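Trainee: when you get a sec, could you give me coordinates for this:
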Amino acid sequence: MRVDRFLSNLPRYNRKQVRLLLVERRIKVDGQIVSDPHFEVREFSRVECDDEVLQAGKPPRYFMLHKPPGCVSATRDPEHPTVLDLILEPDKDDLHIAGRLDFNTTGLMLITNDGSWSRRLTQPQTKLPKVYYVETEQPITDEYAQTFAQGLYFAFEDLTTQPAQLVVLGEKSARLSIIEGRYHQVKRMFGHFDNKVLRLHRERMGPLVLDDQLRPGEYRPLSDEEIQLI
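Mentor: Next up, the predicted model:
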């Protein structure tokens with residue numbers, strides 16, 4: 001948010017005091033003196049006034065996890081193990097999931113404390129594809145690809161899904177690319193043909209691909225190059 005708004009949200013300063021602090025060049029953000037009220041303060045920025053720390057600024061963190069089945073995409077759950085139970089890191093309560101997966105769906109999951117980064121990754125407006133490997137109970141015909149490419153109407157939300165790309169791999173297996181993340185979307189898309197999804201595995205989110213060295217339940221930090229891809 002803007003630095004003037006950040007300072008005004010603190011109980012110690014009113015708007016007049018905020019203007020004076022900026023004019024008198026008494027505010028630093030990440031070591032830089034700031035006088036422009038429009039200067040952007042991030043959740044990771046270190047903000048100081050006369051060398052008093054107003055926000056310490058925790059470093060951003062980014063992790064790739066291979067989600068196993070039987071695990072809830074939540075920070076806490078009273079009945080089941082959660083994705084964050086697999087993350088053995090300090091201050092993990094600051095972390096959140098970028099793009100949830102169903103209880104028994106496996107594959108790529110991204111976990112971070114950077115809200116701006118995760119929004120870029122998951123918002124439909126960015127049109128970053130989410131790619132899934134799918135196995136079904138019944139055969140997958142050519143009609144599926146045509147229907148998915150046109151979009152499916154979901155009555156519950158009163159919307160039509162964005163065009164999706166389906167590549168048939170075998171009689172009952174396929175790779176599906178979507179740019180949304182509606183509730184149980186993949187299962188509902190195949191459910192349109194009364195075809196039950198038996199296995200669902202996310203392989204990719206945008207340019208980020210699940211590391212094939214990670215076994216189910218394992219995770220690793222993202223590299224600087226991977227972080228910059230989003």
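
Trainee: how close does the residue of the chain positioned farthest from its centre sit to residue 31?
Mentor: When distances are taken from the C-alpha mean of the chain, residue 24 lies farthest, 39.6 Å away, according to Cα atoms, centre = their mean. Look at residue 24 and residue 31: by Cβ to Cβ, to the nearest Å, they are 18 Å apart. C-beta: built from backbone N, CA, C; applies to glycine.

Trainee: again, but for residue 7
Mentor: Residue 7 is 17 Å from residue 31, by Cβ to Cβ.

Trainee: again, but for residue 75
Mentor: The gap separating residue 75 from residue 31 is 33 Å, by Cβ to Cβ.

Trainee: for the residue nearest to residue 222 when sequence neighbours are not counted, give me its contacts.
Mentor: Ranked by Cβ to Cβ, 6 or more residues apart in numbering and with sequence neighbours excluded, the top spatial neighbour of residue 222 is residue 62, at 4.1 Å. For residue 62, the contact set (Cβ atoms under 8 Å, 6 or more residues apart in numbering) comprises 110, 111, 112, 114, 117, 221, 222, 226, 227.

Trainee: how far away is residue 62 from residue 37?
Mentor: To residue 37, residue 62 is 31 Å away according to Cβ to Cβ.

Trainee: check which residues of stretch 14-31 are buried.
Mentor: Neighbour-count burial for stretch 14-31 flags 18, 21, 22, 26, 27, 28, 29 (criterion: 16 or more other Cβ atoms under 10 Å).

Trainee: and if you look at stretch 51-71?
Mentor: Burial within stretch 51-71, assessed by neighbour count using 16+ other Cβ under 10 Å, is assigned to 54, 55, 57, 61, 62, 63, 64, 65, 66, 67, 68, 71.

Trainee: so for that stretch, mean pLDDT?
Mentor: For stretch 51-71, mean pLDDT is 92.

Trainee: just the endpoints, please. Distance across that stretch?
Mentor: Start-to-end span of stretch 51-71 (Cα to Cα, to the nearest Å) is 45 Å.

Trainee: so where do the helices sit in this protein?
Mentor: Taking DSSP state H as the criterion, the chain contains helices spanning 3-8, 15-23, 115-122, 142-150, 185-191, 224-228.

Trainee: quick one: which of those helices is nearest residue 86?
Mentor: helix 115-122 (17.9 Å; Cβ to Cβ).

Trainee: kindly export that closest one (C-alpha atoms) in PDB.
Mentor: Below are the C-alpha coordinates for helix 115-122, written out as PDB (Å, rounded to 0.1, in the frame of the first residue of the first chain):
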ATOM      1  CA  GLY A 115       0.200 -12.400  -1.300                       C
ATOM      2  CA  SER A 116       1.000 -10.400  -4.400                       C
ATOM      3  CA  TRP A 117       3.000 -13.200  -5.900                       C
ATOM      4  CA  SER A 118       0.300 -15.800  -5.200                       C
ATOM      5  CA  ARG A 119      -2.400 -13.600  -6.700                       C
ATOM      6  CA  ARG A 120      -0.500 -13.300  -9.900                       C
ATOM      7  CA  LEU A 121      -0.200 -17.000 -10.000                       C
ATOM      8  CA  THR A 122      -3.900 -17.900  -9.400                       C
END
